[in-house]
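Visitor: Need coordinates for the following:
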Amino acid sequence: MKTIVSKDATRIAYERSGTGPPLVLVHGAVADHTRWAPVVPAFERHFTVYAMDRRGRGGSGDANEYAIEREFEDVAALVDSIDGPVNLLGHSFGAFCCLEAARLTPNIDRLILYEPPPPGIQGTLPPKVAIRMQTLLDANDREGVVSTFLREVAGITAAELEMLRSAPSWPGRVAAAHTILREIHALEGLPRFDAERFKAVKTPVLLLLGGDSPPLYSDTIAQIHEALPNSQVVVLPGQQHVAMNTAPDLFVREVLAFLTVPA
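Guide: Numbers count the residues shown, from 1 in each chain. Predicted coordinates:
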């Protein structure tokens, strides 16, 4: 993997493949760059793909103290390391990082956010679930931590969980289990979504939402859509939070439709 150095001197790794305009992929919680494996081959035919490992996992480094703002800077640093305007696609927690990164760099051509979580909402992680996840982590039951998060917080179905378990990206998810609680607590500790903070973001934005996703995501998408006048919402019928796995052709089709239409 190649690396760049973020603002705080942490090394951030990424896998580069394909040819064409740059497309940066930012994964969500409990994952690494391998979570994009179902869709990368299709993207490679149109773009030079930069699939990053967020800090604390995969080939990326970490800092002694965690701060969510460093995650935003990491995304912006990778974008700014690439020549020319960059297309940026983020999923879940990674989508929130991408939205914040859009405030830090002018080098984003188009932005795609797939179900970012809301900031500043207490109870996103119920206390009993947090305690159980910490207990599992202390017992080194990383698979238990990941499964609990995906089912009880991310809200995926049992069938979707089994699909993820059988995917090549599962070991990367298990390896990142220790990052889940810190990211959720950091997100809860932020102020609630403030449209004023994003009024300078003029980039065209595609907001992706699963048709069967819980209100947590649809409400957040609605807030972002209202705040960003140059945004559009596309609903993925029959999907929830992991359409890259459950409907990769549909996911790729909607992304390409947005990125390849003339400005």
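Visitor: When you work out contacts or count neighbours from here on, use the C-alpha atoms and nothing else.
Guide: Fine.
Visitor: burial measure for the closest residue to A154 other than its chain neighbours, as a count.
Guide: Spatial nearest neighbour of A154, chain neighbours left out: H241 (7.4 Å); criterion: Cα to Cα, 6 or more residues apart in numbering. A count of neighbours around H241, defined by other Cα atoms under 10 Å, yields 27.
Visitor: so which helix or strand takes in H241?
Guide: If you go by DSSP states H and E, H241 is not part of any helix or strand.
Visitor: Report pLDDT for it.
Guide: H241 carries a pLDDT score of 92 in this model.
Visitor: got it, and T124?
Guide: At T124, pLDDT is 77.
Visitor: cool, and A263?
Guide: 67.
Visitor: ok, now R165?
Guide: 94.
Visitor: Please apply the same query to the one 4 residues further on.
Guide: Reading off the confidence values, S169 has pLDDT 89.
Visitor: ok, the residue nearest to A154 touching S213?
Guide: Yes: at 6.5 Å, H241 counts as touching S213 under the criterion of Cα atoms under 8 Å.
Visitor: Can you name the residues that contact the residue nearest to A154?
Guide: S92, E115, A154, G155, I156, L209, G210, S213 (Cα atoms under 8 Å, 6 or more residues apart in numbering).
Visitor: Assess the claim that the second one and Y217 are in contact.
Guide: So the one you mean is E115. Yes: applying Cα under 8 Å, one finds E115 in contact with Y217, separated by 5.5 Å.
Visitor: Give me the common contacts of these two.
Guide: Both E115 and Y217 are in contact with L209, where contact means Cα under 8 Å, 6+ apart.
Visitor: So which of these two has more stuff around it?
Guide: Neighbours were counted for E115 and for Y217 using other Cα under 10 Å; E115 has more, 28 against 22.
Visitor: Distance check, the more buried one against G58.
Guide: E115 sits 23 Å away from G58, taking Cα to Cα, to the nearest Å as the criterion.
Visitor: now A102
Guide: In this view, A102 and G58 are 24 Å apart by Cα to Cα.
Visitor: Looking at these two, which is more packed in?
Guide: A102 (25 against 21).
Visitor: the strands in the chain, which residues?
Guide: 2-5, 11-17, 22-26, 48-52, 86-91, 108-114, 205-210, 231-236 (DSSP state E).
Visitor: right, so those: which one is the most enclosed?
Guide: Neighbour counts (mean count of other Cα atoms under 10 Å) averaged over each of the strands of the chain peak at strand 22-26, with a mean of 27.
Visitor: what's the angle between it and strand 108-114?
Guide: Following axes from the mean of the first three to the mean of the last three Cα atoms, to 10 degrees, one obtains 30 degrees for the angle between strand 22-26 and strand 108-114.
Visitor: Sheet partners, orientation included, of strand 22-26?
Guide: strand 48-52 (parallel), strand 86-91 (parallel) (DSSP bridges).
Visitor: got these as CSV, with mean pLDDT and distance to D109 columns?
Guide: Shown next, in CSV, are the strands paired with strand 22-26 (pLDDT from 0 to 100; distance: least, Cα to Cα, whole Å):
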stretch, mean pLDDT, distance to D109
strand 48-52, 99, 14
strand 86-91, 99, 5
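Visitor: would you list those in CSV and tack on distance to P38?
Guide: Output for the strands paired with strand 22-26, formatted as CSV (distance: least, Cα to Cα, whole Å):
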stretch, distance to P38
strand 48-52, 13
strand 86-91, 14
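Visitor: Understood, closing this out.
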